[in-house]
Every structure is written in structure tokens, then in C-alpha cells.
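Q: Below is the sequence, then the predicted model.
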Amino acid sequence: MNATNASTGEIYEAMDWLLARQDAIEKQLAAKHLAASVNPSRMALFDLSSSWMTGQCCDLAARGYSRDGKKGLPQIEYGLLTDPAGRPVAIRVFAGNTADPAAFTDIVEVVRERFGLDRLVLVGDRGMITSARIAALRELNNDPDTATGFGWITALRAPAIAKLAGDDGPLQLSLFDTQDLATITHPDYPSERLIACRNPLLATQRARKRAELLTVTEAALAPIIAAVACGRLAGAGRIGVKVGKVLAKFKMAKHFHLDITDTTLTVTRDQTKIDAEAALDGIYVLRTSVTANELDPAAVVVSYKNLANVERDFRSIKTDDLDLRPIHHRLDDRVKAHILIAMLACYLVWHLRKAWAPMTYTDENPPARENPVTPAEGTTSPGSTPRKRDTTLFANSKPWATTSPSTERPDRSPSKRTSRQSSRQVNKFTDASSAKRNVSTPAVGAQSGNL
């Protein structure tokens, strides 16, 4: 079929045909990239992202936590499964209000039942692989009927780290006197290793940010305190609402003592809590079921940081190369097909980056990190200002294009705006066709043409 002259209906039929074969396609990709014969570490990465939707007719669209920064808009979520290098293997679409753990449960079933893989080590962030999900994996592993061998690598949340750092806890600052990482254990995590890490650069960054937020919060509270003092603002309820808005904006409520009456307002820093938080600046703890014989502590840290490869794929899908948005589809299956096409295109982009590395001046054999905990620092000339590199594979053919720092913020450069404007102009054809059919899914033609 010549996609250039294809009608909207023909494009939709092609999407439906592809979606019906999603399981077969992904099963082949899993066998090629996740099977033990080609993936000795038995490792797979999984992460979740979201994209806003247009229209109000799609059942998958819902309001939830937006990773696009588009608060208040309906969205969909999609989870991407990759190999350790970030090569896309499978993708699943969820309603826009789906929690990370629910998505993780779904992908475990896909891996086990659809792909026939039950000896994988799954890597996910602290919001994805929670204690409840780990308990579910243990049940699968211990159930004679399933007898799986799933492992995990994830991170602990701040309250759990604070508990480990208590007076009698195993996480003591003296662990980092001569090294940046150490292995500890705790009864709350049976049959698991805890890898405690301290990143001095991150510690400095967090201390600076906290000091700035405390100062800004106090500056924002000063007019309220003055208004209460001179009698222009009275009533504990009214005062509390004003103060609450400021504290919520900067998320600093935990660091202040408040004393509010109908006629007075006293705000002081809770220095004890500030000092306790500062003591843990730059410290994070990974938890894993993988034994030391399989992965040493440094390899566990590297495996967790490989999640940056999935974030790179999300950037490629959403902004850098493929421009997933806008999504105009009305039917759930069309949305799923739209996302599947983007994932398959990302798979091609991944291989193109590898194949074109010599032509794009990409380092084919980048130096290995000496320290997996601290980030690598680039060298710059004295007095020079680092510039943001172009990460787009196809735009402008810049020979210095390379992978940018890990972030999901959309690129707002003029070249990207021009690209999106051009895409929207192409969409006008399908907009008109869909309007005649009373179908609110016009973007398919443009997306398929691009892919």
C-alpha cells in the first residue's frame, strides 16, 4: 500500500491489522533480546510514562499524575519494557489514572504468560516496584504451581532510608568515610541485599535546593505575618488557608513550626527535622534479591541506573524523533495501535543510532565509569559555558548529536516547534476526512506517514 495516497479508512485498517499481531511481534522481540541465551544477566527494565489526550470520548483518557507537566488534562499512560541496553521489547497502554504498581503487575503477567519467561530480574524505580509488588513476586516464586524465579532491583523511599539510619540502624554515615557504597542488611528485608550509596554531588545539590526553598518560603510568608500583625488579616481559618497555600506551593510544611490563633501567626524553622534530612543528603539505598555471586554491589548500581535508557526511549518517542503527540483517537484500540507504532519506530531508531554512530561522531566505545555512584563529569575549557546538545537523530543532521541528560521535559527549541507545526499542517487532510465521517481521530495519517 502506498501510504502517501492512503485514505484515513485504509490507515485505520492497517493499524487494526498491526494491533492484532502485537503479542506475536513482542513475543519474537522478547525471545530475541530477553531470553537467557542473549541476555546472560536475565535483566529487563520497566518504566511508565504518560501523554495528554485531546477530545473527551476515549475511555482510556483520565486525569492522573502527569509526567508531561500538563496538569488538569486527560491523559493515557504506557509502560515500556526493554532489555538492559534500553532496546524496546514490549509496551502496554493503561488508563491515565493507573498507579505505577498496577502497571508493574500487568507487565509481570505479560512476561510470564505471553513471553514464557519466568527467570527475569525486573528493574524499576521506587514507585514501581513497591513492597507489595515484591510480596506478590515472592508468592509467584514460592507457589508450586508457578515456581517462577523473578528477581528485582529497586530503591527505597525516604522514610525507609530514615528508618535504616536510626540510632540502632545499619545505615551509618561512617560507612561512607572511605567509599561511596556499602552493602547492608536489615530484618525488614529478608533474603535481600541493601546497597547504600552516597553521591557527594547530589548531596551538595539537595542542600542548596533546600536552603533556597526555605528562604523563598519565608519570603512568601512575610507579607502574611505582617498582615496578621497589623490586623488586616484575622481569624485562624483565614490565616491557615493563606499559610497553607504558600507551604503547599514550595512543599516546605515539614520544615516549619506554626502557631496560629485568630490574631497571631508565628512561623519558625523546625531545625531538628532540617538537620535530620540534611544528614541523609545524597544517600540512596537500592534493594535487590540478586545474590552477590550474580551481581556485585557496583553492578547493582549500574543496573538500576540503566533505567536512564528507558527514559531516553521515552524522549525519543515523545519529543526527540517521533513526536507521539497529539493523540486524537477516540477508540481504545486505535490509541493502543498508535502507541505500538511509536514503540516499533523507537526500536528502529535505537538500531539506527547504533548503526550510524560512526557517521554522527558518537563514541562507539565510551569509557567505563570508575565509580558507578557519582555521575560522570564532562571536561570543558576554563571559563567555557556548557551548551545543550541536540539529541534529535534526524533533524538538521548535526554531527555532534548525542544522548542528552536524563529528562522527560519536552524540547521547546524553534526547530521542534517548526516540526510540530509541519505535522499539524499534514494532519489537516485527515482532520477534514474524519470530520465527514464524524470520527474524532484525525492524527493517524500524519503519524503513519512520518513512521
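A: Here it is on my side, so go on. Numbers count the residues shown, from 1 in each chain.
Q: use CA for all of it now, contacts and neighbours both
A: OK.
Q: what stretches of this structure score poorly on pLDDT?
A: 1-2, 364, 367-368, 375-451 (pLDDT under 70).
Q: any idea which strand is longest in it?
A: If you go by DSSP state E, the chain has its longest strand at strand 43-52.
Q: Show me what that strand is in contact with.
A: 34, 66-68, 70, 73-84, 86, 96, 100, 103-104, 120-125, 128, 306-307, 310-311, 314, 325-327 (Cα atoms under 8 Å, 6 or more residues apart in numbering).
Q: swap in stretch 278-295?
A: For stretch 278-295, using Cα under 8 Å, 6+ apart, the contacting residues are 121, 151-156, 161-162, 191-204, 206-207, 300-301.
Q: from the chain's centre, how far out does it sit?
A: Computed by Cα atoms, centre = their mean, to the nearest Å, the chain-centroid distance of stretch 278-295 equals 19 Å.
Q: Pull up the distance across that stretch, start to finish.
A: 31 Å (Cα to Cα, to the nearest Å).
Q: Could I get the full set of helices for this protein?
A: Using DSSP state H, the helices assigned to the chain run over residues 8-19, 22-33, 100-109, 131-142, 158-164, 200-229, 236-250, 271-279, 297-305, 307-315, 332-355, 414-437, 444-450.
Q: rewinding a little: in strands, which of the contacts of strand 43-52 fall?
A: Filtering these for strands - DSSP E - leaves 75-82, 121-123.
Q: For the residues you listed, name the two members farthest from one another.
A: Gln75 and Val121 (29.8 Å; Cα to Cα).
Q: List the buried residues for stretch 296-303?
A: Neighbour counts using 16 or more other Cα atoms under 10 Å place 297-298, 300-301, 303 of stretch 296-303 among the buried residues.
Q: swap in stretch 23-35?
A: Across stretch 23-35, burial judged by 16+ other Cα under 10 Å covers 26-27, 29-31, 33-35.
Q: ok, of the contacts of stretch 278-295, which come out buried?
A: Here, 16+ other Cα under 10 Å leaves 121, 151-156, 161-162, 192-200, 203, 206, 300-301 buried among those.
Q: about what we covered before: save the ones in strands among the contacts of strand 43-52 as JSON lines, and put in distance to Thr178 too.
A: Formatted as JSON lines, the ones in strands among the contacts of strand 43-52 follow (distance: Cα to Cα, whole Å):
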{"residue": "Gln75", "distance to Thr178": "47"}
{"residue": "Ile76", "distance to Thr178": "46"}
{"residue": "Glu77", "distance to Thr178": "43"}
{"residue": "Tyr78", "distance to Thr178": "42"}
{"residue": "Gly79", "distance to Thr178": "39"}
{"residue": "Leu80", "distance to Thr178": "38"}
{"residue": "Leu81", "distance to Thr178": "37"}
{"residue": "Thr82", "distance to Thr178": "35"}
{"residue": "Val121", "distance to Thr178": "30"}
{"residue": "Leu122", "distance to Thr178": "31"}
{"residue": "Val123", "distance to Thr178": "28"}
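Q: which of those residues lies closest to Asn371?
A: For these, the nearest to Asn371 is Val123 (20.3 Å; Cα to Cα).
Q: Looking at strand pairing, list the partners for that closest one.
A: Leu45, Ile153 (DSSP bridges).
Q: contacting residues for it?
A: Val123 touches 43-46, 152-154, 303-304, 307, counting by Cα under 8 Å, 6+ apart.
Q: now, which of those sits nearest Leu19?
A: Nearest to Leu19 among those, with distances taken as Cα to Cα, is Phe46, at 21.0 Å.
Q: returning to that earlier point: let me have the buried residues of stretch 23-35 in JSON lines, extended by distance to Ile260.
A: Shown next, in JSON lines, are these (distance: Cα to Cα, whole Å):
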{"residue": "Glu26", "distance to Ile260": "59"}
{"residue": "Lys27", "distance to Ile260": "61"}
{"residue": "Leu29", "distance to Ile260": "61"}
{"residue": "Ala30", "distance to Ile260": "59"}
{"residue": "Ala31", "distance to Ile260": "63"}
{"residue": "His33", "distance to Ile260": "60"}
{"residue": "Leu34", "distance to Ile260": "59"}
{"residue": "Ala35", "distance to Ile260": "62"}
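Q: Quick one: buried ones out of the contacts of strand 43-52?
A: Counted by 16+ other Cα under 10 Å, the contacts of strand 43-52 give 34, 66-67, 73-84, 86, 96, 100, 103-104, 120-125, 128, 306-307, 310-311, 314, 325-327 as buried.
Q: buried residues in stretch 125-144?
A: So for stretch 125-144, counting by 16+ other Cα under 10 Å, buried means 125-130, 134, 137-138, 140-141.
Q: cool, stretch 354-372 as well?
A: Those would be 357, 360, 362, 372, for stretch 354-372 by 16+ other Cα under 10 Å.
Q: how about these in a markdown table, adding distance to Thr264?
A: What follows is the buried residues of stretch 354-372, written out as a markdown table (distance: Cα to Cα, whole Å):
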| residue | distance to Thr264 |
| --- | --- |
| Ala357 | 65 |
| Thr360 | 64 |
| Thr362 | 62 |
| Pro372 | 52 |
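Q: Sort out for me which of the residues you listed are in strands.
A: Taking DSSP E, every one of the buried residues of stretch 354-372 sits outside strands.
Q: which of those residues lies closest to Leu175?
A: Nearest to Leu175 among these, with distances taken as Cα to Cα, is Pro372, at 16.7 Å.
Q: Contact partners for that closest one?
A: If you count contacts by Cα under 8 Å, 6+ apart, then Pro372 has 298, 301-302 around it.
Q: possible to save these as CSV with distance to Ile283?
A: Shown next, in CSV, are the contacts of Pro372 (distance: Cα to Cα, whole Å):
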residue, distance to Ile283
Ala298, 15
Val301, 13
Val302, 16
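Q: hang on, the earlier thing: pick out whichever of the buried residues of stretch 296-303 sits closest to Leu233.
A: Using Cα to Cα, Val301 is the member of the buried residues of stretch 296-303 that lies nearest Leu233, at 52.3 Å.
Q: So that closest one sits against Val373, correct?
A: Yes: when contacts are counted by Cα atoms under 8 Å, Val301 is listed as touching Val373 (6.9 Å).
Q: got the phi/psi numbers for the nearest residue to Cys57 once chain neighbours are set aside?
A: Spatially, and ignoring its direct neighbours in sequence, Cys57 is nearest to Arg330 (5.5 Å; Cα to Cα, 6 or more residues apart in numbering). Dihedral pair for Arg330: phi -100, psi -40, per degrees, to the nearest 10.
Q: give me the number of residues near Arg330?
A: Residue neighbour count, defined by other Cα atoms under 10 Å, stands at 21 for Arg330.
Q: pretty sure it contacts Ala61?
A: No: counting by Cα under 8 Å, Arg330 stays clear of Ala61, with 9.4 Å between them.
Q: now, which of the buried residues of stretch 23-35 sits nearest Glu277?
A: The nearest member of the buried residues of stretch 23-35 to Glu277, counting by Cα to Cα, is Leu34 at 39.8 Å.
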